[in-house]
Structures are given as structure tokens and as C-alpha cells.
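*Asks:* got a structure for you, letters missing:
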């Protein structure tokens, strides 16, 4: 799906990779890279809304990221809390609804509280949706969807793609039109494996903190040059 008037992707997904490498290149600790990455995320997200993007899904913390040091994990959890507590004007300004996807039961109690409060406060916002993927794993999402299907006792003859999609974290949302990954890696790392099957993929060598508005517009221009046939 796309905005027919402007040819802007309706739904953009992003793997924001390269925070730690950005910090290392500058002789800083990885935490400095995460802080800079958040600052850049806010700038890029605002530009997405300004351009007319309606849904933005960002890979903020994967299930594999739990393997990192306790210090780094604690910093990231506190950073997420800060985002949700200090940046409420961001959601009001752009009339954006927050939707957190992932294994939220693994998150710290205070962060879960912040998530619940922000989702409740923004549930009636209508202009856009921010899907924040925290403690997210694509295979895990599919396994959880399968469990939901089983619990609903859905007959195999009635199990369609539409029924299955209703059990995913992104139920009711169109799939991403464009998926951007920064940091020079050319893989999806378990991000939206079901939803991204027909997404246009764009890989940037830029480390996430250096990914600029100009880079974003370049990715969108590349998307606009491509023809999406969906197998036709």
C-alpha cells in the first residue's frame, strides 16, 4: 500500500543498526551510541510523519539482545522508559498511536507500566501508528500466533492467511511497503518474517546515528523507482 497522491510508502519498517559501531569509531562506550541513536530516531520518525508515512515499525530491541551485558541492557531499558515518559508531546504533536510489539512480559515492571500508560493515552490518535518492537523475535511472533490459532480451536479448513494474520502483533495493519536496514548488513535478522515477504528492501551502509533525512528521502526515491508486481 502507498499514498496514491504522493507515492510515499504507507508503512515503513526500519532496522536501526550501527549504534555500537558508531560509538566505537569515536572512542566512546556503546551507551553513547544508543543515546545518539535515539536522538536520530526522533528526527527520522518526525520526517516520516511529515512526508505522509502512516505506519512506522522500528526494531528497537530483539530477543537476541537479551544476551548483551547487564549494564547495556539496563541502560536501554531506562532509555525506553525515558522515551515514553519524556516524549509524550511527540505522540500528541503528530497524532500518533503507540503500539509495542514483542515479548513485553520479559520487560522490567516500570517499563511495562510506561508502555501501558502511553498506549492508553495514545489509543485514540488517528494520523499514524508507531510500532515499537522491543524484545521482538520474528520466529517467536509466528510461534505465538500458532498458539493463538490452536487456542481458538480454528479448524484447519478455515485457517487462511487472513485468519493467521489476525493473530500477529501487527493484526489489522497493512504489511510494510519499504523495509530499511542501516549499518551495512544485508539481512533481516528475524524482523517481520511474515509481514515483509513483499516489502521492498533497502540496505544502507550508514550507521544508524549517521542516517540522515537526506538518506531517508533517498531510500523513498529508490522505492518510488521500483515496480511492485506481487507475482503478477
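*Replies:* Nice, thanks for sending it over. As the structure is a prediction and not an experimental result, all values here were calculated from the model.
*Asks:* longest helix of this protein?
*Replies:* helix 30-51 (DSSP state H).
*Asks:* show residues contacting the next helix-or-strand element following it.
*Replies:* Counting by DSSP states H and E, the next helix or strand C-terminal to helix 30-51 is strand 55-62. Residues outside strand 55-62 that contact it (CB atoms under 8 Å, 6 or more residues apart in numbering) are 10-16, 41, 45, 48-49, 76, 80, 101-102, 128-137, 170, 173-174, 176, 189-192. Just so you know, the C-beta spots here come from the backbone N, C-alpha and C atoms, and that holds for glycine as well.
*Asks:* show me where the protein has its strands.
*Replies:* 2-3, 8-9, 11-15, 55-62, 96-101, 128-136, 178-181, 200-203 (DSSP state E).
*Asks:* state the distance from residue 117 to residue 98.
*Replies:* Separation of residue 117 from residue 98 (CB to CB, to the nearest Å): 10 Å.
*Asks:* closest to the centroid, which residue in this protein?
*Replies:* When CA atoms, centre = their mean is applied to the chain, the residue found nearest the centroid is residue 58 (1.8 Å).
*Asks:* tell me which residues form a beta bridge with it?
*Replies:* Legend: beta-bridge partners of residue 58 under DSSP bridges are residue 14, residue 132.
*Asks:* what's the answer for the one 4 residues further on, then?
*Replies:* Each beta-bridge partner of residue 62 is listed here, defined by DSSP bridges: residue 136.
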